[in-house]
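1. got a structure for you, letters missing:
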């Protein structure tokens, strides 16, 4: 099951004991800051969590899976995530 934005807002509200609207604004501002950084090709490093990296993909020859027709895929930027060692350790030691 995926953690949604509303789940995050609810968790922040419980942790900080603030009004829901204030927590929603906080989460929205955080996500907007992250989006702007990634749009500008800036990586995001969150200690103890991981790194979001913007990578450049070159144009390449691809294939339409439906028709099998060859096509050129344009160059593009993609975001990748690499978790920190601390997070990886927590995930692998979790008894869930």
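-> Great, that's in hand. Computed from a predicted structure; not experimentally measured. Residues are numbered from 1 along each chain as shown.
2. Just to check, residue 61 is in contact with residue 74?
-> No: with contact defined as Cβ atoms under 8 Å, residue 61 does not count as touching residue 74 (11.7 Å). Where you see a C-beta, it was placed from the backbone N, CA and C, and this is true even at glycine.
3. Show the pLDDT at the closest residue to residue 59 other than its chain neighbours.
-> The shortest distance from residue 59 to any non-neighbouring residue, by Cβ to Cβ, 6 or more residues apart in numbering, is to residue 75 (4.5 Å). In the predicted model, residue 75 carries a pLDDT score of 96.
4. same question, the one 10 residues further on
-> In the predicted model, residue 85 carries a pLDDT score of 94.
5. and if you look at residue 45?
-> Here, the pLDDT recorded for residue 45 equals 97.
6. Beta-bridge partners for it, please?
-> Beta bridges link residue 45 to residue 51, judged by DSSP bridges.
7. Surely it touches residue 51?
-> Yes: in this structure, residue 45 sits in contact with residue 51. The criterion is Cβ under 8 Å, and the distance is 4.9 Å.
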